[in-house]
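*Asks:* With the input below, show me the fold.
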Amino acid sequence: MRSTASILHLDLDAFFAAVEQRDKPSLRGKAVVVGGSGPRGVVATASYEARRFGVRSAMPGTEARRRAPNAAFLGGRFDAYRQSSRVVMALLAEVSPLVEPLSLDEAFVDLAASGWDLSRVEDHVRELRSELTRRTAGLTASVGVASSKFLAKLASEDGKPDGFRVVRPGEELDFIAPMPVRNIPGVGPVTEQKLVTIGMHTVEDLRHADPGELVRELGRASGEALAELAFARDNRPVVAEREAKSISTEDTFPSDLKDRAELEDILRRDARLVARRVEAAGVFAKTISIKVRMGDFTTVSKARSLAGATDRVEVIAAVGEELLREVDVRAGVRLLGIGASNFTRAAQEQLFDDESETPVGATQTSSEVAVSGVRGHGYHPGADVEHDEFGRGWVWGAGLGRVTVRFETRDTGPGPIRTFEAADPSLRPAPDLPELPAPQGLEPSATT
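*Replies:* Here you go, the predicted model:
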């Protein structure tokens, strides 16, 4: 551990759901679930209002609807989440050059590399959180500051929602001692049950445990790591560059699809999204993969390496289609996904246009049984739309050739609801996102 509380962990509160509530005034203060739509969807994020009914991330959509039948179930808007995430990460970069993003809504910051006066860290955190809310037009974050990554993450959890906790040097052991073992990052239900079985209910219990017993129950790596964390020992540095290992997207269908042509159309559409994200990341992919989940939940994953590295949608789509042709879809497909991985910073395209980027080596195939999330397309609930007469709004519901829209934006307050034919030429998906407030910079006292 460090001798100062100089590692900050920031976690945006109920991020996806909070973005939807910000942009949809009629949903503020209401139960909102992102994902979980359709009989096979799973919850991506639930608002705190929905969590009061027991709705949680990764819960099947059917269970979420049973617990919160009046919640708004939305398909999700990745571009809106990405927009707010970029604003937050840019703000953190103003604090320190050492920012380690963990996901769209979570990051570590090394304050030892910042200009902050660490004796006034609480004041700086208040200013940071206030500026974050202003720049994101209303989002909130929970923040933890401590002498290690492990402690900073636990401190931000302690500050949830919309709060913060600073754990000063010397306070670490008392801070974590009463916590249940499940609070330790990486301790899932299976590990928790093993620990409870041998009488390890809290971190304090782990501290008094025989390290050999932990190793016997959990294996050497996990047992030894847990014994160290019980004493708050964690010397991992904040790593500024964390490149994505893969970029992918997938669709869960309301009913099994057996038409290969339809599946290929979906794959090509998703290949365009993957290609845009690869290009935006400034990388080139050397491996293309697909995931096909059948009606019995058997999942077939196939991957193939390219002769070069690419960000071209034609290449990603073509390889994806070739891989899909190796899968028997006659039994029906409930989920289809395509992804790119094995990234490099330099393109390695073929020298001549008439030389196809022939995949090299055999296709790598694996099978598994799993569950998956859901992502909306087209006029899915929550999607941004605009109408020639009524302006901008979002899809309240769709089906049977009709689309119901609520016309409101984050600046208007709750708006009226209208229903249209899905083919109405006056209605269309909104082409872009409203801009967020311009950065004004942190107060001088926050960075000097």
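*Asks:* Tell me where the stretch 301-448 of the chain has helices.
*Replies:* All helices of the stretch 301-448 of the chain, identified by DSSP state H, counting those that start in this stretch, fall at 313-324, 444-447.
*Asks:* Kindly state the domain boundaries assigned to the protein.
*Replies:* In terms of domains, the chain is parsed into 179-229, 246-369 (source: automatic domain parsing).
*Asks:* for residue 22, what are its contacts?
*Replies:* Under the criterion of Cβ atoms under 8 Å, 6 or more residues apart in numbering, the contact partners of residue 22 comprise 28, 136, 137, 138, 139, 410. (Each C-beta comes from the backbone N, C-alpha and C, glycine too.)
*Asks:* got the phi/psi numbers for the residue lying closest to the last one once chain neighbours are set aside?
*Replies:* With Cβ to Cβ, 6 or more residues apart in numbering as the criterion, residue 410 has its nearest non-adjacent residue at 4.8 Å, and that residue is residue 23. Main-chain torsions, residue 23, degrees, to the nearest 10: phi -90, psi -10.
*Asks:* pretty sure residue 23 is touching residue 80, no?
*Replies:* Yes - with contact taken as Cβ atoms under 8 Å, residue 23 and residue 80 are classed as touching, separated by 6.7 Å.
*Asks:* The two - which one has more neighbours?
*Replies:* Counting neighbours by other Cβ atoms under 10 Å for residue 23 and for residue 80 shows that residue 23 has the greater number, 22 against 18.
*Asks:* Give the residue spans of the protein that score low on pLDDT.
*Replies:* With pLDDT under 70 as the threshold, the chain has low-confidence stretches at 37-40, 241-244, 346-378, 441-448.
*Asks:* quick check: longest helix of it.
*Replies:* The longest helix of the chain (DSSP state H) is helix 260-280.
*Asks:* contacting residues around that one?
*Replies:* Outside helix 260-280, the residues that reach it (Cβ under 8 Å, 6+ apart) are 247-251, 257, 284-285, 290, 311-313, 316-317, 320-321, 324, 329, 333, 336-340, 343, 377.
*Asks:* Which ChimeraX command selects the buried ones in these?
*Replies:* Buried members of these can be picked out in ChimeraX with the line below, counting by 16 or more other Cβ atoms under 10 Å:
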select :247,248,249,250,251,257,284,285,290,311,312,313,316,317,320,321,324,329,333,336,337,338,339,340,343
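*Asks:* Strands - which of the contacts of helix 260-280 land there?
*Replies:* The members of those that map onto strands under DSSP state E are 247-251, 257, 284-285, 290, 333, 336-340, 343.
*Asks:* And the residues you listed, which two are furthest apart?
*Replies:* The span of those, defined through Cβ to Cβ, is set by 257 and 284 at 31.0 Å.
*Asks:* on that earlier part again, nearest to residue 419, of the helices of the stretch 301-448 of the chain?
*Replies:* Sorting those by Cβ to Cβ, the top spot, which is the nearest, belongs to helix 313-324 at 35.2 Å.
*Asks:* Now do that closest one and helix 260-280, the angle between them.
*Replies:* Counting by axes from the mean of the first three to the mean of the last three Cα atoms, to 10 degrees, helix 313-324 points 140 degrees away from the direction of helix 260-280.
*Asks:* Please tell me how far helix 313-324 is from the chain's geometric centre.
*Replies:* Averaging C-alpha coordinates over helix 313-324 and over its chain gives two centres that are 25 Å apart (Cα atoms, centre = their mean, to the nearest Å).
*Asks:* same check, this time on stretch 253-271
*Replies:* Mean C-alpha position of stretch 253-271 versus that of the full chain (Cα atoms, centre = their mean) differs by 24 Å.
*Asks:* How about stretch 332-348?
*Replies:* How far stretch 332-348 lies from its chain's middle: 17 Å, per Cα atoms, centre = their mean.
*Asks:* can you check stretch 420-427 too?
*Replies:* Once both centres are worked out by Cα atoms, centre = their mean, stretch 420-427 turns out to sit 32 Å from its chain's centre.
*Asks:* now stretch 408-417
*Replies:* 27 Å.
*Asks:* mind checking the end-to-end distance for that stretch?
*Replies:* With Cα to Cα, to the nearest Å as the measure, the first residue of stretch 408-417 is 9 Å from its last.
*Asks:* what does that stretch contact?
*Replies:* Residues from elsewhere that reach stretch 408-417 (Cβ under 8 Å, 6+ apart): 22-26, 137-138, 390, 392-394, 396, 404-407, 434.
*Asks:* same deal with stretch 187-198?
*Replies:* Residues outside stretch 187-198 that contact it (Cβ under 8 Å, 6+ apart): 181, 182, 201, 206, 209, 213, 217, 218, 222, 226.
*Asks:* rerun that using 10 Å as the cut-off
*Replies:* Outside of stretch 187-198, the residues within contact range by Cβ atoms under 10 Å, 6 or more residues apart in numbering are 180-184, 200-202, 205-206, 209-210, 213-214, 216-218, 222, 226, 229.
*Asks:* Going through the residues you listed, which ones are buried?
*Replies:* The neighbour-count test (16+ other Cβ under 10 Å) applied to the contacts of stretch 187-198 identifies 181, 183-184, 200, 202, 205-206, 209, 214, 217-218, 222, 226, 229 as buried.
*Asks:* Among those, which one sits closest to residue 73?
*Replies:* Nearest to residue 73 among those, counting by Cβ to Cβ, is residue 183 at 29.4 Å.
*Asks:* quick one, what contacts that closest one?
*Replies:* Contact analysis of residue 183 by Cβ under 10 Å, 6+ apart lists 153, 154, 157, 158, 176, 192, 202, 203.
*Asks:* farthest-separated two in those?
*Replies:* Across the contacts of residue 183, the two members that end up farthest from each other (Cβ to Cβ) are 158 and 192, 18.9 Å apart.
*Asks:* just to revisit the earlier point, among the contacts of residue 183, which are in strands?
*Replies:* Using DSSP E, no member of these falls within strands.
*Asks:* Return the subset of those residues lying in helices.
*Replies:* Judged by DSSP H, the subset of the contacts of residue 183 located in helices is 153, 154, 157, 158, 176, 192, 203.
*Asks:* Turn those into TSV, including distance to residue 108.
*Replies:* As requested, those are arranged in TSV below (distance: Cβ to Cβ, whole Å):
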residue	distance to residue 108
153	8
154	13
157	14
158	16
176	18
192	24
203	21
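*Asks:* In JSON lines: these, plus neighbour count and distance to residue 427.
*Replies:* Conversion of the ones in helices among the contacts of residue 183 to JSON lines gives the following (neighbours: other Cβ atoms under 10 Å; distance: Cβ to Cβ, whole Å):
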{"residue": "153", "neighbour count": "22", "distance to residue 427": "44"}
{"residue": "154", "neighbour count": "26", "distance to residue 427": "48"}
{"residue": "157", "neighbour count": "16", "distance to residue 427": "43"}
{"residue": "158", "neighbour count": "17", "distance to residue 427": "46"}
{"residue": "176", "neighbour count": "26", "distance to residue 427": "54"}
{"residue": "192", "neighbour count": "17", "distance to residue 427": "49"}
{"residue": "203", "neighbour count": "23", "distance to residue 427": "55"}
